[in-house]
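Trainee: only geometry, no sequence info:
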Ligand SMILES: Cc1cc2nc3c(=O)[nH]c(=O)nc-3n(C[C@H](O)[C@H](O)[C@H](O)COP(=O)(O)OP(=O)(O)OC[C@H]3O[C@@H](n4cnc5c(N)ncnc54)[C@H](O)[C@@H]3O)c2cc1C
């Protein structure tokens, strides 16, 4: 029984490890290196408080403005808009109040489980040291900004996620580099971060190999299937015989699901980071400033600044103006942050219009499974996804109702 896991990002690598641990013969296939996709340069946050669906009416109202400002927190490149319209139509449809309540609950179920799945994974692989102890501070300059984020805090209260309101001075006691312009902060103690997400995926890939898992380099060209899946075809290589295939190719998963006759509304929400090797400051917590749409995370390789969303498809060249604006915004919170020795990066968040991932058996081809569309929370959800997919694929009963995450929900 061979299972081919397509995509060695954090989602695919964690699933491959989980299946190997459960005794399967597993081939992990990627066109590039392990962890080289979105999982390479994300903001490293185990962001359990960030399950609020993106498709809120307050966000939908801003869509027209997104096309006009190339430096805004969300940007749609005008030339890409026609291609995006069907996805946007679904996004707007997911903003109905009853639908939002349902999507919040579906995200919260996963976020509640995150540490139940992540901590055992890190312990058994000897990677506990990759997770920091400190949480994340959400910043507000004043009461008006805090009120604008009230919707988020109310959802956390409804689902009972720990958080603590602080004054500006209390926040500066925790993070002395914060500017005096911060009047209010909220501490999310559970939003710990990874020291280096790329290193974590590579280490999990190594643990998978130590258990006897096989990594193959190759791009998927197609699939052989009749009454069930039988092989994965590789560009310029021999096909890999497969009893099961798990599609975890991040933002590219939609291309593969189409090859399998099962299209899904997956888009890329492109995001940028700036990794500052000599920032001139040190920090313990990650910080996020909702009104200014940036995040700063202390990582093993320096301070990482990132955030924002750009809708421009998989192929358009990066627009690094967006990283530069984000750094300038971060410097309003961290006035001593220097940006001299740095690198810039762009990655593709795999995003469904209703925010919730797909973790599902195919509705069309026996032996095919999907685990994708984790959007802004792929690092957060990876261990939980592996646990749930492990159950689904091996025929065990998952500990949560998997119906909300089915591929045929669209
Ligand atoms: C700027 C930014 C900040 C983020 N911050 C956070 C955060 O703080 N916390 C959080 O939880 N999440 C965050 N995310 C989201 C997170 O990074 C993603 O959800 C997650 O990395 C997706 O993982 P994945 O394994 O699904 O995809 P990827 O990591 O993209 O992996 C997909 C893999 O599939 C391979 N592949 C694609 N097509 C093929 C093919 N045809 N054949 C073979 N292989 C193929 C690719 O080479 C790639 O290695 C952020 C993302 C970005 C861009």
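Mentor: Arrived safely. Note that the structure is a prediction, hence the values are computed from the model and not measured.
Trainee: please enumerate the strands of the stretch 101-250 of the chain.
Mentor: 136-140, 164-167, 184-188, 214-217, 220-225, 229-234, 240-241, 244-247 (DSSP state E, counting those that start in this stretch).
Trainee: buried residues in the fifth one, which are they?
Mentor: The reference is to strand 220-225. 220, 223, 225 (16 or more other Cβ atoms under 10 Å). For glycine as for every other residue, the C-beta is placed from the backbone atoms N, C-alpha and C.
Trainee: just the mean pLDDT for stretch 68-88, thanks.
Mentor: The average pLDDT within stretch 68-88 is 88.
Trainee: what is the end-to-end distance of it?
Mentor: Distance across stretch 68-88, first residue to last, is 17 Å (Cα to Cα, to the nearest Å).
Trainee: what's the answer for stretch 64-82, then?
Mentor: Stretch 64-82: ends 13 Å apart by Cα to Cα.
Trainee: just the buried residues of it, please?
Mentor: 66-67, 72-77, 80.
Trainee: over to stretch 261-275?
Mentor: In stretch 261-275, counting by 16+ other Cβ under 10 Å, buried: 262, 264-275.
Trainee: which ones among those residues come in contact with the ligand?
Mentor: 271-273 (Cβ under 6 Å from any ligand atom).
Trainee: ok, residue 151 to residue 42 distance?
Mentor: Per Cβ to Cβ, to the nearest Å, residue 151 is found 24 Å from residue 42.
Trainee: give me the more crowded residue out of these two.
Mentor: Counted by other Cβ atoms under 10 Å, residue 151 and residue 42 do not tie: residue 42 has more neighbours, with 28 against 13.
Trainee: for that one, what are its contacts?
Mentor: 197, 271, 273, 306, 347, 378-379 (Cβ atoms under 8 Å, 6 or more residues apart in numbering).
Trainee: repeat that for residue 56.
Mentor: 95, 100, 151 are the contacts of residue 56 under Cβ under 8 Å, 6+ apart.
Trainee: what of residue 193?
Mentor: Counted by Cβ under 8 Å, 6+ apart, residue 193 has contacts 43-46, 131-132, 134, 136, 286, 297-299.
Trainee: that one and residue 62, how far apart?
Mentor: 28 Å.
Trainee: how about the helices of the stretch 251-400 of the chain, start to end?
Mentor: 253-259, 321-333, 378-394 (DSSP state H, counting those that start in this stretch).
Trainee: er, the stretch 51-200 of the chain I mean
Mentor: Counting by DSSP H, counting those that start in this stretch, the helices of the stretch 51-200 of the chain are 57-60, 63-66, 81-93, 97-124, 143-148, 150-158, 168-174, 197-210.
Trainee: of all those, which lies closest to the ligand?
Mentor: helix 197-210 (7.2 Å; Cβ to the nearest ligand atom).
Trainee: what about that closest one, near the ligand?
Mentor: No: against the ligand, helix 197-210 shows no contacts by Cβ under 6 Å from any ligand atom, the least distance being 7.2 Å.
Trainee: what is that helix packed up against?
Mentor: The contact analysis (3 or more Cβ pairs under 8 Å, 6 or more residues apart in numbering; DSSP states H and E) places helix 197-210 against helix 10-21, strand 25-30, helix 38-41, strand 214-217.
Trainee: counting contacts, what elements does the third one pack onto?
Mentor: Think helix 38-41. Secondary elements touching helix 38-41 (3+ Cβ pairs under 8 Å, 6+ apart): helix 10-21, helix 197-210, strand 267-276, strand 342-351, helix 378-394.
Trainee: tell me how far that helix lies from the chain's centre.
Mentor: What separates the centre of helix 38-41 from the centre of its chain is 9 Å, taken as Cα atoms, centre = their mean, to the nearest Å.
Trainee: ok, and what's touching it?
Mentor: Counting by Cβ under 8 Å, 6+ apart, 9-11, 13, 197-198, 201, 250-251, 271, 273, 275, 304, 306, 345, 347-350, 378-379 sit against helix 38-41.
Trainee: can you pull the buried residues of it?
Mentor: 38-41.
Trainee: so, in contact with the ligand or not, it?
Mentor: Yes: Helix 38-41 reaches the ligand (Cβ under 6 Å from any ligand atom) through 38-39.
Trainee: so for that helix, mean pLDDT?
Mentor: The model assigns helix 38-41 a mean pLDDT of 98.
Trainee: pull up the gap between the nearest residue to residue 100 once chain neighbours are set aside and residue 4, please.
Mentor: Spatial nearest neighbour of residue 100, excluding adjacent residues (Cβ to Cβ, 6 or more residues apart in numbering): residue 53 at 5.7 Å. Distance from residue 53 to residue 4, counting by Cβ to Cβ: 32 Å.
Trainee: other SSEs contacting the lowest-mean-pLDDT helix or strand in the chain?
Mentor: Every helix and strand in the chain was compared by mean pLDDT, DSSP states H and E; the lowest is helix 63-66, with a mean of 75. Judged by 3+ Cβ pairs under 8 Å, 6+ apart, helix 63-66 is in contact with strand 74-76.
Trainee: what would the buried residues of strand 220-225 look like in CSV with pLDDT and distance to residue 359?
Mentor: Below are the buried residues of strand 220-225 laid out as CSV (pLDDT from 0 to 100; distance: Cβ to Cβ, whole Å):
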residue, pLDDT, distance to residue 359
220, 98, 20
223, 98, 20
225, 97, 21
